[in-house]
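Trainee: No letters, just coordinates:
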């Protein structure tokens, strides 16, 4: 049990070190939530739904200008947080009818 918990925490730390942060603009909003109730899907990039964002179905998606590696880091961050029962922090920007994540990470507060 201790080994599984330690492995989960190491995975979370690794994901954060691999570029889970990004520059946030002045027009961002923040969601800190437990991703256990979010739908995590991969289309042309990662997307989460039912987050509470003002976009359709509470969606937050990857900006088409983002890199594939950054999308993979976002997906891994949310997946690791789901597996570890940790909260995720997402800074996002509303552009038209879409919410794009700008910065993300695992929140230390339970």
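Mentor: On my side now, so go ahead. As the structure is a prediction and not an experimental result, all values here were calculated from the model. Numbers count the residues shown, from 1 in each chain.
Trainee: a strand runs through residue 106, doesn't it?
Mentor: Yes: membership of residue 106 in a strand is supported by DSSP: H, G, I helix; E, B strand; the rest coil.
Trainee: do you know how far it is from residue 27?
Mentor: According to Cβ to Cβ, to the nearest Å, residue 106 stands 24 Å off from residue 27. C-beta coordinates here come from the backbone N, C-alpha and C atoms, glycine included.
Trainee: same question, residue 64
Mentor: Noted for residue 64: a distance of 18 Å to residue 27, by Cβ to Cβ.
Trainee: the strands in this structure, which residues?
Mentor: Counting by DSSP state E, the chain has strands at residues 28-33, 39-42, 46-49, 60-61, 87-95, 98-107.
Trainee: Comparing residue 106 and residue 27, which residue is more hemmed in?
Mentor: It is residue 106, of residue 106 and residue 27, that has more neighbours when counted by other Cβ atoms under 10 Å, with 21 against 10.
Trainee: in the protein, which segments are predicted with low confidence?
Mentor: 1-26, 109-110 (pLDDT under 70).
Trainee: Repeat the analysis, applying 80 as the threshold.
Mentor: For the chain, applying pLDDT under 80 flags the ranges 1-26, 108-110.
Trainee: picking that back up, out of the strands of the chain, deepest packed?
Mentor: Of the strands of the chain, the one with the most neighbours on average (mean count of other Cβ atoms under 10 Å) is strand 60-61, at a mean of 26.
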